[in-house]
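In: quick one, structure for this:
(one chain, ligands or ions: 1)
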Amino acid sequence: MAFLKVNHLKVYYPVRGGFFRRIVDYVKAVDDISFELRQGETYGLVGESGCGKTTTGRTIIGLIKATAGEILLEGTDLTKLSRRQFYSYRKDIQMIFQDPYSSLNPRKRVLDIIAEPIRNFEKLSPQEEKRKVQYFIERVGLNPESIYKYPHEFSGGQRQRIGIARALTLNPKLIIADEPVSALDVSVQAQVLNFMKEIQKEFQLTYLFISHDLGIIRHMCDRIGIMYRGRFVEEGTSEEIFHHPQHIYTKRLLSAIPNADPRQRRQQFQLREEVEREYKQLYHRYFDDEGKVHPLKKISETHSVAIP
Ligand SMILES: Nc1ncnc2c1ncn2[C@@H]1O[C@H](COP(=O)(O)OP(=O)(O)OP(=O)(O)O)[C@@H](O)[C@H]1O
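Out: Purely as a prediction, here's the structure:
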């Protein structure tokens, strides 16, 4: 049985307009996606800005309500649970947020930030709570005395470690990491990513790793789903996606990674030629959102619509 199974998930945001702020349309942020995570693996969700990655992550953790579809965590459909029932599953799924500068409350000490989930889900005495927070703060490589400091007294990488400590306190099974290093300096990114890999083994975590950066995804993920405009266009192991991409959109993404290695640059050049050839074949037709074919559209226009 899959650890987490997402079945035909749809998340539509209402667009309101007019004097009475009635719903006039919907943004189909996630439009019928299905994928599954196996225990202990890192599954990457990749795609350009606005393709629905964050919405998918936030819906799994229950911050956004699904419009349709199922989210099965070890067989239990989270979308069907009442708020109270969902509460008992909530501690199994934690999230690491994109921006360590804004995701930590600047008015709270690190002790209170990390203890927050403990206070919500476990009733511990102040001493036990402090001991637990200190254990995790040391585990993420910070000084135990740091718990009395405020977030602004830390660097970006250290702040993200505090965010990771907060996510670990309740022994979660699944961590959704939404662009966890994109706000960090490149030199710090690798440290945080390697650290995430280290704790994955130690705490037996499954990761849903969201990023637009294919280099990072390649470093972190066992399997990858490529999203485009709220849908999946391709899914495969890291090897399949990076060495044998099938979909023209995946090829386009891969051909655009900045690369210093001359051998990889040569492969990218070949990919770019392949993409161009495939686009030329599409020159006289493109598919709109409903899958209807429109004749005689230019290649430049085919770039901005759903690629068949
Ligand atoms: N609260 C909202 N109300 C209306 N539309 C929204 C809302 N949040 C997101 N959207 C729209 O849903 C789509 C998907 O957004 P989402 O943030 O999930 O994408 P993303 O792939 O995570 O992008 P990014 O990498 O830039 O964060 C976008 O078109 C966005 O404009």
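In: and the residue most central in space within the chain, bridged to which residues?
Out: For the chain, Ile210 is the residue whose C-alpha lies nearest the centre (C-alpha atoms, centre = their mean; 2.3 Å). Beta-bridge pairing of Ile210 under DSSP bridges involves Leu45, Asp178.
In: so who does it touch?
Out: Neighbour list for Ile210: Gly44, Leu45, Lys53, Thr54, Thr56, Gly57, Ile176, Ala177, Asp178, Glu179 [criterion: C-beta atoms under 8 Å, 6 or more residues apart in numbering]. For every residue, glycine as well, the C-beta is placed using N, CA and C.
In: go on, Ser102?
Out: By C-beta under 8 Å, 6+ apart, Ser102 has no neighbours at all.
In: okay, how far is it across stretch 79-94, tip to tip?
Out: In stretch 79-94, first residue to last residue: 17 Å (C-alpha to C-alpha, to the nearest Å).
In: quick one: the closest residue to Gly75 other than its chain neighbours from the ligand, how far?
Out: Distance criterion C-beta to C-beta, 6 or more residues apart in numbering; nearest residue to Gly75, sequence neighbours excluded, is Met1 at 6.1 Å. Per C-beta to the nearest ligand atom, to the nearest Å, Met1 is found 28 Å from the ligand.
In: give the bridge partners for Asn7, please.
Out: Bridge pairing for Asn7 - DSSP bridges - gives Glu70.
In: that one contacts Gly69, doesn't it?
Out: Yes - counting by C-beta atoms under 8 Å, Gly69 is a contact partner of Asn7 at 5.6 Å.
In: tally of neighbours for Ile118?
Out: 19 (other C-beta atoms under 10 Å).
In: count of residues packed around the residue nearest to Gly75?
Out: Neighbours around Met1, by other C-beta under 10 Å: 9.
In: ok, it touching Gln39?
Out: No - the criterion here is C-beta under 8 Å, and Met1 misses it with Gln39 at 9.5 Å.
In: shared neighbours, these two?
Out: With C-beta under 8 Å, 6+ apart, Met1 and Gln39 have no common neighbours.
In: any idea how far Lys201 is from the residue nearest to the centre of the chain?
Out: 21 Å (C-beta to C-beta, to the nearest Å).
In: rounded mean pLDDT for the biggest strand by length in the chain, please.
Out: Counting residues, the longest strand in the chain under DSSP state E turns out to be strand 22-37. The pLDDT scores in strand 22-37 average 93.
In: from the chain's centre, how far out does that strand sit?
Out: 16 Å (C-alpha atoms, centre = their mean, to the nearest Å).
In: show me which residues of that strand are buried.
Out: Lys28, Ala29, Val30, Asp31, Ile33, Phe35, Glu36, Leu37 (16 or more other C-beta atoms under 10 Å).
In: ok, of those, which one's closest to the ligand?
Out: Ranked by distance to the ligand (C-beta to the nearest ligand atom), these are led by Ala29 at 3.4 Å.
In: thinking again about what came up before, pLDDT and distance to the ligand added to the contacts of Ile210, as JSON lines?
Out: Below are the contacts of Ile210 laid out as JSON lines (pLDDT from 0 to 100; distance: C-beta to the nearest ligand atom, whole Å):
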{"residue": "Gly44", "pLDDT": "97", "distance to the ligand": "13"}
{"residue": "Leu45", "pLDDT": "96", "distance to the ligand": "8"}
{"residue": "Lys53", "pLDDT": "95", "distance to the ligand": "4"}
{"residue": "Thr54", "pLDDT": "94", "distance to the ligand": "3"}
{"residue": "Thr56", "pLDDT": "97", "distance to the ligand": "7"}
{"residue": "Gly57", "pLDDT": "96", "distance to the ligand": "8"}
{"residue": "Ile176", "pLDDT": "96", "distance to the ligand": "12"}
{"residue": "Ala177", "pLDDT": "95", "distance to the ligand": "13"}
{"residue": "Asp178", "pLDDT": "94", "distance to the ligand": "7"}
{"residue": "Glu179", "pLDDT": "92", "distance to the ligand": "7"}
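In: can I get those residues in a markdown table including neighbour count?
Out: Compiled in a markdown table, those are given as follows (neighbours: other C-beta atoms under 10 Å):
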| residue | neighbour count |
| --- | --- |
| Gly44 | 27 |
| Leu45 | 26 |
| Lys53 | 26 |
| Thr54 | 21 |
| Thr56 | 28 |
| Gly57 | 22 |
| Ile176 | 26 |
| Ala177 | 28 |
| Asp178 | 22 |
| Glu179 | 19 |
